[in-house]
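K.L.:
test case, fold it:
(chains A and B)
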Amino acid sequence: QKEVEQDPGPLSVPEGAIVSLNCTYSNSAFQYFMWYRQYSRKGPELLMYTYSSGNKEDGRFTAQVDKSSKYISLFIRDSQPSDSATYLCAMIGQGGSEKLVFGKGTKLTVNP
Amino acid sequence: DTEVTQTPKHLVMGMTNKKSLKCEQHMGHRAMYWYKQKAKKPPELMFVYSYEKLSINESVPSRFSPECPNSSLLNLHLHALQPEDSALYLCASSQGVVSNQPQHFGDGTRLSIL
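P.N.:
Residues are numbered from 1 along each chain as shown, chains lettered A, B, ... in the order given. Model (predicted):
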């Protein structure tokens, strides 16, 4: 079983839709959870950063962490064509020399 | 535009060439990272520098040689690369290597080996 599982998609939605992106993980030591957005030919851009269980909202984006189920989600409300990108979940444990573990990424297309 | 700047954006080199990739950040971060990313794959960690000292080397072949001249600069020296080394090379930085400090990425150097 991989440490982090993420459905690679591709996911195609109409403009204005609510998008749900998800990752599951197996390592209970993970404490910090991130979502990165990567446009074609660009580096990953940090979108959301959360610690432990709960919700965090930033504009149209909401990150949700459920540590009891080892499940994290990113919701995008009122999706726009400019949201078309690959979304990578990433997570890391508490220790000082931990490595960031990425999901495979989900390719999202928002159609006008 | 990102706050981590990488040059060059594109590089084409032969297998016998020597070249260097450069990365610069002015956020006062004390940890810097090199990642390799192949198409449709997530980034893979290569090296971590913390306070200008190499702290993690992910068993990367010796044809890749990192260097951290100061706290805001990170180089990756390349020599005798193979075609399978063609990839996007990403630099990242964070305030420290402690886990609760997120990493910020540059836009990468797209490297092609002929």
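K.L.:
list the pairing partners of the lowest-mean-pLDDT helix or strand in chain B within its sheet, with orientation.
P.N.:
With mean pLDDT, DSSP states H and E as the measure, the helix or strand of chain B carrying the lowest mean pLDDT is strand B:53-57 (a mean of 86). Sheet pairing of strand B:53-57 (DSSP bridges) gives strand B:44-50 (antiparallel).
K.L.:
now do the partner strand: everything it contacts.
P.N.:
A:99-100, B:30-38, B:54-58, B:60, B:64, B:66, B:68, B:74, B:76, B:96-97 (Cβ atoms under 8 Å, 6 or more residues apart in numbering or on different chains). Where you see a C-beta, it was placed from the backbone N, CA and C, and this is true even at glycine.
K.L.:
got the phi/psi numbers for residue A:81?
P.N.:
Phi and psi for residue A:81, reported as degrees, to the nearest 10, are phi -50, psi -30.
K.L.:
my read: it touches residue A:15, true?
P.N.:
Yes - Residue A:81 lies in contact with residue A:15 (Cβ atoms under 8 Å); the separation is 6.2 Å.
K.L.:
mutual contacts of these two, please.
P.N.:
A:110, A:111, A:112.
K.L.:
contact partners for the first one?
P.N.:
It refers to residue A:110. Counting by Cβ under 8 Å, 6+ apart, residue A:110 has contacts A:13, A:14, A:15, A:17, A:19, A:79, A:80, A:81, A:82, A:83, A:84.
K.L.:
switch the cut-off to 7 Å
P.N.:
Shown in contact with residue A:110 (Cβ atoms under 7 Å, 6 or more residues apart in numbering or on different chains): A:13, A:15, A:79, A:80, A:81, A:83, A:84.
K.L.:
taking these one by one, which sit in helices?
P.N.:
Assigned to helices by DSSP state H, none of the contacts of residue A:110 qualify.
K.L.:
most neighbours out of those, which is it?
P.N.:
Taking other Cβ atoms under 10 Å in any protein chain shown as the neighbour criterion, residue A:79 ranks highest of the contacts of residue A:110 with 21 neighbours.
K.L.:
wait, isn't it in contact with residue A:17?
P.N.:
Yes - using Cβ atoms under 7 Å as the test, residue A:79 is close enough to residue A:17 to be in contact (5.2 Å).
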